[in-house]
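K.L.:
need a 3D model of the following:
(chains A and B)
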Amino acid sequence: MKLFAYILFLIFFAQSAISSSDREIEIYKNIRCLVCQGQSLNDSNSDFANDLKKIIKDKIDQNETDKQIYKYLVDRFGDWILFDPPIKIRTIFLWLIPGLILIIGFYILYKNTTFSQK
Amino acid sequence: MKNQYKILILALVFLIFVLTFYFALGTNNKNNTQVMVLKKLPRIELTSLYEEEKKISFPKINYKNYYIINIWASWCVPCRDEHPFLMKLANENKVKIFGINYKDSKMNALTFLKELGNPFYDIGIDSNGQNSIELGAYGVPETYLIDNNGIIILKHVGPINKDIYQKILDKIK
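P.N.:
Numbering: from 1, shown residues only, chains lettered A, B, ... in the order given. Reported below is the predicted structural model:
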């Protein structure tokens, strides 16, 4: 029974350790290393990247949410530090145009097929 | 008439695309190092380079004058290039300069200052670079001019040159 509890504890501990490191890596992949050429924090071993990794790890340990961590970095280094541009007035067209093209495409397709059926 | 209407809509959509891309390509989508300018200096606390028990904290509370924070290291070659400008600012009593000694050894830092002169009013150490990140720094050298409300009014990434020296003088006039 004791052994069973011990194994359960180990599994739980291993699970939590894995999920924390997975979360770190997910965040590292979304952050641009500003002193490297097109690399994410996950790909870089530069001093700057390692410092940021340490800060992100500390913030995760302090139970901060991803949103809080990204905000901390954007406040200090700007939107450029994120690989995904946030939805803002300046970037809204970037997000809307693909959808708009799709809608126009469907509309043209619909019109053409209904015309040809007639 | 219906065809003309269609052509007009297509031309309008095309124009929207062209204008969007024209303005989007014109904007600066590269790294902006000036994000911290006009923001309040984040709170940091450093250990003094000279006394281990002494703490140096920023922003300075109830400080009536502008001051400079310069991040430097003895191993940083561009820091040597900018040092004469820092010495000039300090010697002319234009503005107080606080140093943040970045990932350095105490002995090397002191040797550097002995060799080139000490322009700093006080120096705190940032042995792991975490406090510099807190300020939004990328590395060394970096310079911040802070006003009497604790607002960053100038940030320069890289060594101070003649232009930046003049900019600092214009700001503290």
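K.L.:
what is the end-to-end distance of stretch A:60-71?
P.N.:
End-to-end span of stretch A:60-71 (CA to CA, to the nearest Å): 14 Å.
K.L.:
and that stretch, anywhere near chain B?
P.N.:
No: residues of stretch A:60-71 are not located near chain B by CB under 8 Å from any CB of the partner chain, the shortest gap being 12.5 Å. Any C-beta I mention is one placed from the backbone N, CA and C, and that applies to glycine too.
K.L.:
ok, and what's touching that stretch?
P.N.:
With CB atoms under 8 Å, 6 or more residues apart in numbering or on different chains as the contact definition, stretch A:60-71 has outside contacts at A:20, A:23-24, A:27, A:30, A:56, A:59, A:72, A:82.
K.L.:
point me to the residue of chain A nearest chain B.
P.N.:
Nearest to chain B in chain A, going by CB to the nearest CB, is A:Arg76, at a distance of 3.6 Å.
K.L.:
pLDDT weak spots in chain A?
P.N.:
Along chain A, the model assigns pLDDT under 70 to residues A:1-4, A:6-20, A:85, A:90-91, A:115-118.
K.L.:
quickly list the domain ranges of it.
P.N.:
By the record's domain assignment, chain A is partitioned as A:2-86, A:87-118 (automatic domain parsing).
K.L.:
which one of those lies closest to B:Lys94?
P.N.:
Each of the domains of chain A was scored for nearness to B:Lys94 using CB to CB, and the closest is domain A:2-86 (27.8 Å).
K.L.:
so how far is that closest one off the chain centroid?
P.N.:
The offset between the C-alpha centroid of domain A:2-86 and the centroid of the whole chain comes to 10 Å, using CA atoms, centre = their mean, to the nearest Å.
K.L.:
how far away is the nearest residue to B:Arg80 once chain neighbours are set aside from A:Cys33?
P.N.:
Leaving aside its chain neighbours, B:Arg80 sits nearest to B:Leu116 (6.9 Å; criterion: CB to CB, 6 or more residues apart in numbering or on different chains). The spacing between B:Leu116 and A:Cys33, counted by CB to CB, to the nearest Å, is 31 Å.
K.L.:
tell me where chain A has helices.
P.N.:
With DSSP state H as the criterion, chain A has helices at A:2-30, A:47-61, A:66-77, A:92-117.
K.L.:
so which residues on chain B come close to chain A?
P.N.:
By CB under 8 Å from any CB, the residues of chain B that approach chain A are B:13, B:17, B:20, B:24, B:27, B:29-32, B:35-36, B:39, B:42, B:103, B:128-130, B:132-136, B:138-139.
K.L.:
any of these buried? List them.
P.N.:
Buried residues within these, counting neighbours by 16 or more other CB atoms under 10 Å in any protein chain shown: B:31, B:35-36, B:42, B:103, B:129, B:132-136, B:138-139.
K.L.:
so which residue is dead centre in the chain?
P.N.:
If you meant another chain, say so; for now it's chain A. Most central in chain A under CA atoms, centre = their mean is A:Asn30, positioned 4.3 Å from the mean C-alpha point.
K.L.:
oops, chain B please
P.N.:
With the centre of chain B defined as its mean C-alpha position, the nearest residue by CA atoms, centre = their mean is B:Lys155, 3.2 Å away.
K.L.:
mind listing what's buried in whichever strand or helix holds that residue?
P.N.:
B:Lys155 is located in strand B:152-157, with elements delineated by DSSP states H and E. By neighbour count, with 16+ other CB under 10 Å as the criterion, the buried positions of strand B:152-157 are B:152, B:154-157.
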